[in-house]
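Chemist: based on what follows, work out the 3D shape:
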Amino acid sequence: MSLVLDIIGGLFIGGFLMIIALTATDTATTEFYNYNSDAIVQQNLSRMSDIIQYDLRKMGFGIPEQFKNTILQVAQPNHLRFLSHLNSSPSCKIEDPNVTTVDNVVDSIEYRVVQFDSVDYGDTVIVTYQVRRDIFVSPGYHSSIGIGIIGNAGAFRYLDQIGRPVAVMSQVQMVEVTLTAYDPRIVLSTDWIDSRVNEVGYNEEFRKQELRRLLRASYWRQTRLISKNLKR
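Modeler: Here you go, the predicted model:
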């Protein structure tokens, strides 16, 4: 009889230790995923910001003084297009193996923020947007790529010399770029969720609060760039 009790006791203790080990593993996996997910989101925002800043510094390059009011072609919150010489000389040629010619024809760079995907949570839909980058270089070269996904439809603001928003393109001296990102796949502790549900009761308001907390624009980068060629 004592042998049977020892076996049952051993199984109970072993099962208890296994539950502890599995819980610890689950917690460690959750923390690892969340940490790396955060890092990836921040790295992607940083990369997008670097690309946009690199292009905006070319705004108006090589455009004659008498045509400076035509440098900005489109200036909308979700759409920016400007002129620049991207292959005016061998030393100032855009770093693209497909661009092999040098000329004095005006080129252009265009950014568009377009709807990319939506995440449906029943009573809540989260929309994400793709930042599209188009480059037009004479004679007839066109490159179009998506450089990343963001959570805000309006990425661009147009400001005057002292940072006030302007509506007339000829008054723009500065472009403000704001990029935000959602992380809808973040892993939460199921125990924590269960305890909150039992505490307040599962209702739509609680669910909406959790979605707002979970899917907030948790990362953002904002940069103001003054174009030397617009300040002429």
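
Chemist: what's stretch 89-102 in contact with?
Modeler: F61, G62, H85, L86, N87, S88, I135, V137, S138, P139, Y141, S143 (C-beta atoms under 8 Å, 6 or more residues apart in numbering). The way it works is simple: take the backbone N, C-alpha and C, and place the C-beta from them, glycine included.

Chemist: hmm, the last one is touching D134, no?
Modeler: I take that to be S143. Yes - S143 sits in contact with D134 when judged by C-beta atoms under 8 Å, with a separation of 7.0 Å.

Chemist: so R57 versus L225, what's the distance?
Modeler: For R57, the distance to L225 equals 7 Å [C-beta to C-beta, to the nearest Å].

Chemist: go on, G140?
Modeler: With C-beta to C-beta as the criterion, G140 and L225 are 29 Å apart.

Chemist: neighbour count winner among those two?
Modeler: L225 (16 against 7; other C-beta atoms under 10 Å).

Chemist: in contact with the more buried one, which residues are there?
Modeler: Taking C-beta under 8 Å, 6+ apart, one finds Q53, L56, R57, M174, V175, E176, V177 in contact with L225.

Chemist: where in the chain is the helix or strand with the lowest mean pLDDT?
Modeler: helix 190-200 (a mean of 57; mean pLDDT, DSSP states H and E).

Chemist: which parts of the chain are helices?
Modeler: Along the chain, counting by DSSP state H, helices occupy 2-56, 190-200, 204-214.

Chemist: worst average pLDDT in the ones you listed?
Modeler: Ranked by mean pLDDT, the helices of the chain bottom out at helix 190-200, with a mean of 57.

Chemist: contacts only, for the nearest residue to I149 once chain neighbours are set aside.
Modeler: Distances taken as C-beta to C-beta, 6 or more residues apart in numbering place T128 nearest to I149, at 5.2 Å, with adjacent residues excluded. Neighbouring residues of T128 by C-beta under 8 Å, 6+ apart: Q115, F116, D117, S118, V119, I149, I150, G151, Y182.

Chemist: from G60, how far out is T128?
Modeler: 32 Å.

Chemist: can you count the residues close to S91?
Modeler: 6.

Chemist: okay, V106: pLDDT?
Modeler: Looking at V106, its pLDDT is 89.

Chemist: report the beta-bridge partners for the closest residue to it other than its chain neighbours.
Modeler: Once flanking residues are discounted, V106 sits nearest to L83: 5.2 Å by C-beta to C-beta, 6+ apart. Counting by DSSP bridges, L83 forms beta bridges with S108.

Chemist: hang on, L83 packs against Q73?
Modeler: Yes - using C-beta under 8 Å, L83 is in contact with Q73, at 6.5 Å.

Chemist: got any residues that touch both of those two?
Modeler: Listed contacts common to L83 and Q73 are S108; contacts here mean C-beta under 8 Å, 6+ apart.

Chemist: please give me every residue in contact with R221.
Modeler: Counted by C-beta under 8 Å, 6+ apart, R221 has contacts L45, S46, M48, S49, V177, T178, L179.

Chemist: meant to ask about F61, not that
Modeler: S84, H85, S88, C92, N229.

Chemist: contacts only, for the third one.
Modeler: Residues in contact with S88 (C-beta under 8 Å, 6+ apart) are F61, G62, V102, D103, N104.

Chemist: turn these into a markdown table, columns for distance to F156.
Modeler: Formatted as a markdown table, the contacts of S88 follow (distance: C-beta to C-beta, whole Å):
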| residue | distance to F156 |
| --- | --- |
| F61 | 19 |
| G62 | 23 |
| V102 | 30 |
| D103 | 29 |
| N104 | 29 |
